Each structure stands twice: as structure tokens, then as C-alpha cells.
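Q: Can you look at this prediction? I've put the sequence above it.
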Amino acid sequence: MDVSHDLFDQIINIENLFLSWLEFRKGKANKIDVQIFERNLEDNLFKLHWELKNNIYRHQPYKSFTIYDPKIRVIHKATVRDRIVHHAVFRILYPVFDPYLMPDSYSCRVGKGTHKAVERLDLFIRNVSRNYQQTCYALKCDIQKFFASVDHEILKKLLARRISDRNVLELLSGIISSFTTQAKIGAEALGGGER
């Protein structure tokens, strides 16, 4: 299914940008970069809207830092304006892609999340263990540097299967290409060698 009906206009709509700001700001009001952006909020959002509308918006580089929680994790943080754009894109494209996601995917989905995932796991455990009467096993794993290993060109082609709006695809391409890493990508990351 191809979806294209005025998605770009919906994404860059000033109301969508304000709503995206409000969603992004939750729990971040004490952050310095958020406070600086908020000082001239309307000017900043209208400028962002203008840049998007005139196709001159460019995603800025990420700020990288390391945290320990307890394992070492490298965090790549986008600027406030870029994170507002991420929210704006998500708000409009979520309904386009959500119906195609597998039901047992719980991260970043409306009505899902950690608690729902645990409830679903409990249901599976009860079924497999015959109501906790037999031993069963669950595998907990993490794919190291998963997002850093996604092949950008394949991702862009997958997005183009559902969206034909050239402006949306260009915006998504800019966001995707804004993140680069030294991680192996695609088949190479899985030990498959050259693509």
C-alpha cells in the first residue's frame, strides 16, 4: 500500500510542530538546551516550519557522550530542533506504519510498552509451562549496536514502499543519513561479509 496524501504538509504543519514540542518537552524542562530553545519558542518553531517548507532544513550533527547504566553505552543526542522534527515525523507516520508491525513489538508504540510486554510474556509462560506446572525457558538478549548496524539504503527503500511523497522521503533520508557510525552494517554486522 502506498500512502502519500499530503503527509509532508501534515508533518510541517505549525500546529503539529507545536504539539511535537509539547510531547518532546515532557520531562526535559530543566535541561539547558531545552530552556534556551524555549526562550524564543514561537520564533524557533516558525523558523523551523519555514526551513522545512522551503526544503532548506538540514539535520545537525549529533552530540555523543558515554553513560554507564551499568554497562557502557554511547549516546548520540540530536539537537532540540531536530528532536522536534523527529516527533513531528513520528506523529504523522506512526499510523501509516503501525498496522504493519508485528503484534509482539512493544517499544515506542501507543498502548504498548514494558508493562504490556511483561503481561504478554506472562501469558506465554503460563501457556508453555501449563500454568506454571512445567519448566519453560525465555531468552533475554540484546543485539549489540542494532540501530547503528541498520543499512541506510535498505531502510530508505522500505520506507519508499509505503510513501511516495518525494518531500517526505527526502526529509526521512536526511534524518537517516544524519547518523553515521563506524559499526558494521547489514549482512556484515551479522558476519555475512561483503554485501
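A: Looks like it came in fine. Numbers count the residues shown, from 1 in each chain.
Q: so what pLDDT did the residue in the chain sticking out farthest from the centre get?
A: Farthest-out residue of the chain from its mean C-alpha position, per C-alpha atoms, centre = their mean: Gln133, at 40.0 Å. At Gln133, the model reports a pLDDT of 95.
Q: Tell me the secondary structure of it, please.
A: Under DSSP: H, G, I helix; E, B strand; the rest coil, Gln133 falls in the coil class.
Q: With the one 4 residues further on instead?
A: Following three-state DSSP, Tyr137 is assigned to coil.
Q: Give me the neighbour count for it.
A: 7 (other C-beta atoms under 10 Å). Using the backbone N, CA and C atoms, a C-beta is placed for each residue, glycine as well.
Q: Please determine how far it is located from Phe124.
A: Remark: distance between Tyr137 and Phe124 (C-beta to C-beta, to the nearest Å) = 11 Å.
Q: just Thr181 next, same as before
A: 34 Å.
Q: now swap in Tyr62 and tell me
A: In terms of C-beta to C-beta, Tyr62 sits 37 Å off from Phe124.
Q: Compare the two (neighbour count), which wins?
A: Each of Tyr62 and Phe124 had its neighbours counted (other C-beta under 10 Å), and the higher figure belongs to Tyr62 (16 against 12).
Q: hmm, who's touching the longest helix anywhere in the chain?
A: Secondary structure assigned by DSSP state H gives helix 80-97 as the longest helix of the chain. Identification of contacts with helix 80-97 by C-beta atoms under 8 Å, 6 or more residues apart in numbering yields 3, 7, 10-12, 16-17, 19-21, 23-24, 33-34, 36-37, 44-45, 48, 52, 57, 59-60, 78, 110, 162-163, 168, 171-172, 175, 178.
Q: average model confidence for that helix?
A: The average pLDDT within helix 80-97 is 96.
Q: Show me how this protein divides into domains.
A: Following automatic domain parsing, the chain resolves into domains at 7-100+141-189, 105-138.
Q: could you pull out the strands for this protein?
A: Here the chain has its strands, by DSSP state E, at 63-68, 72-77.
Q: The last one to strand 63-68, inter-axis angle?
A: With axes from the mean of the first three to the mean of the last three C-alpha atoms, to 10 degrees applied, the angle from strand 72-77 to strand 63-68 works out at 150 degrees.
Q: Can you say which of the domains of the chain is packed in most?
A: Across those, averaging neighbours per residue (mean count of other C-beta atoms under 10 Å) puts domain 7-100+141-189 on top, at a mean of 14.
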